[in-house]
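Student: Got a predicted structure plus its sequence, pasted below:
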Amino acid sequence: MIEAAFRHHDLDWRYLSIEVAPADLAAAVEGARAMGFRGFNCTIPHKVAVLPHLDSIAESARQIGAVNTVVRREAEVIGENTDGKGFIESLRTVADPAGKRVVILGAGGAARAIAVELVRAGAAHLTVVSRRRRDLPVEADFQLWEGDYAVPPETDVLVNATPIGLYPDVDARVPVDVRTLPAVVADVIPNPPHTRLLRDASAVGSTTLDGLGMLVAQGRIGFELWTGVVPDERVMREALERAFRGG
Ligand code: NDP
């Protein structure tokens with residue numbers, strides 16, 4: 001996705017996938033600094049562990065407690081979190097988060113990032129539904145997830161922030177009562193984009209948002225932070241779709 005945008009915008013840059021063992025994380029960050037990298041993404045298991053190795057952390061990333069995008073500004077390496085921001089951008093294509101009542105399924109990293117950015121965007125109320133109680137960085141009602149979850153009728157947006165439905169478990173069902181799905185249903189799963197939950201939601205008339213949109217939006221934000229160029233999201237989305245099709 002990022003390399004496709006580099007090519008499209010005639011940027012002679014590279015985006016490399018590099019596996020780093022947990023014990024080598026500090027050396028890897030120093031290496032990136034020494035080699036003049038303009039930034040990098042980090043994923044599990046480094047999203048939290050990377051924090052002490054950075055010079056500063058953006059406010060929302062600090063609140064989320066995790067970094068997925070690192071940006072170099074002069075001599076400083078700065079931690080950002082674009083996951084929740086990508087979600088909000090994607091949501092804004094169908095609804096303004098301000099004043100909305102949102103239910104988030106799951107309480108892990110994606111849920112935390114989405115919850116923080118929803119509050120920053122002015123959401124009126126959050127409910128987090130999870131199999132076990134976990135600390136959250138924002139004020140939210142907590143519901144224990146047992147059996148099929150019935151979404152409260154006043155809910156505007158439901159977000160699946162669990163890995164249920166992610167390839168290859170594409171037939172896995174999110175335990176939720178489909179008759180209670182609200183006006184907007186969003187899924188964080190990027191692959192496949194048309195998850196079983198979103199198909200069910202479309203069938204009952206909800207507007208749906210796929211996780212591919214969120215993934216592209218968070219990538220776009222990182223791209224802009226690194227290069228200063230606003231990339232063409234269509235090019236990025238097409239590249240991801242090709243990659244997920246195995247093409
Ligand atoms: P975590 O492991 O941090 O959290 C997963 C959450 O889902 C936990 O609350 C976990 O509950 C819950 N969960 C997992 N399986 C089940 C289940 N069978 N029933 C009920 N709850 C379940 O993962 P992340 O938050 O980092 O990632 C979640 C998903 O989000 C991944 O599939 C990832 O691909 C996607 N993602 C998408 C992004 C995008 O841009 N589209 C960006 C970031 C993530 P428990 O604590 O009880 O195990």
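Tutor: Looks like it arrived, so ask away.

Student: tell me which parts of this protein are close to the ligand?
Tutor: 83, 86, 106-111, 130-132, 145, 161-164, 166, 188-190, 211, 214-215, 218 (C-beta under 6 Å from any ligand atom). To be clear about C-beta, it is placed using only N, CA and C from the backbone, and glycine gets the same treatment.

Student: Looking at those residues, which are in helices?
Tutor: The members of those that map onto helices under DSSP state H are 83, 86, 109, 110, 111, 211, 214, 215, 218.

Student: Looking at the residues you listed, which two lie furthest apart in space?
Tutor: Farthest-apart pair in these is 111 and 215; separation 15.8 Å (C-beta to C-beta).

Student: Compare neighbour counts for those two and give me the winner.
Tutor: Between residue 111 and residue 215, counted using other C-beta atoms under 10 Å, the more crowded position is residue 111 (26 against 23).

Student: from memory that one sits against residue 104, does it?
Tutor: Yes - with contacts counted by C-beta atoms under 8 Å, residue 111 reaches residue 104, the gap being 5.0 Å.

Student: Touching both of the two, which residues are there?
Tutor: Residues touching both residue 111 and residue 104 by C-beta atoms under 8 Å, 6 or more residues apart in numbering: 128, 159, 161.

Student: In PyMOL, how would I select just the buried ones from the residues you listed?
Tutor: Command for PyMOL, covering only those of the shared contacts of residue 111 and residue 104 found buried under the criterion 16 or more other C-beta atoms under 10 Å:
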select buried, resi 128+159+161
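
Student: quick check, nearest of the shared contacts of residue 111 and residue 104 to residue 205?
Tutor: Using C-beta to C-beta, residue 159 is the member of those that sits closest to residue 205, with 18.0 Å.

Student: Could I get the buried residue list for the helix or strand hosting residue 62?
Tutor: Following DSSP states H and E, one finds residue 62 within helix 59-64. Buried residues in helix 59-64, counted by 16+ other C-beta under 10 Å: 60, 61, 62, 63, 64.

Student: residues in contact with the first one?
Tutor: This means residue 60. 80, 81, 84, 85, 116, 117, 120.

Student: what's the burial count for the fourth one?
Tutor: As a burial measure, the neighbour count of residue 85 was computed by other C-beta under 10 Å and equals 26.

Student: Next up, the contacts around the closest residue to residue 61 other than its chain neighbours.
Tutor: Using C-beta to C-beta, 6 or more residues apart in numbering and skipping residues adjacent in sequence, the residue nearest residue 61 is residue 81, 3.8 Å away. Taking C-beta under 8 Å, 6+ apart, we find residue 81 in contact with 58, 60, 61, 64, 66, 67, 68, 69, 113.

Student: Same check on residue 121?
Tutor: 88, 97, 98.

Student: Columns neighbour count and pLDDT on top of these, output as a markdown table?
Tutor: Converted to a markdown table, the contacts of residue 121 look like this (neighbours: other C-beta atoms under 10 Å; pLDDT from 0 to 100):
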| residue | neighbour count | pLDDT |
| --- | --- | --- |
| 88 | 20 | 98 |
| 97 | 20 | 98 |
| 98 | 11 | 98 |
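
Student: What distance do you get for the nearest residue to residue 94 once chain neighbours are set aside to the ligand?
Tutor: Distances taken as C-beta to C-beta, 6+ apart place residue 207 nearest to residue 94, at 5.2 Å, with adjacent residues excluded. From residue 207 over to the ligand the distance is 17 Å, taken as C-beta to the nearest ligand atom, to the nearest Å.

Student: who touches residue 104 in this structure?
Tutor: 111, 114, 115, 126, 127, 128, 129, 140, 159, 161.

Student: Ok, residue 105 next?
Tutor: When contacts are counted by C-beta under 8 Å, 6+ apart, residue 105 is found next to 111, 129, 130, 145, 149, 158, 159, 160, 161, 162, 174, 176.
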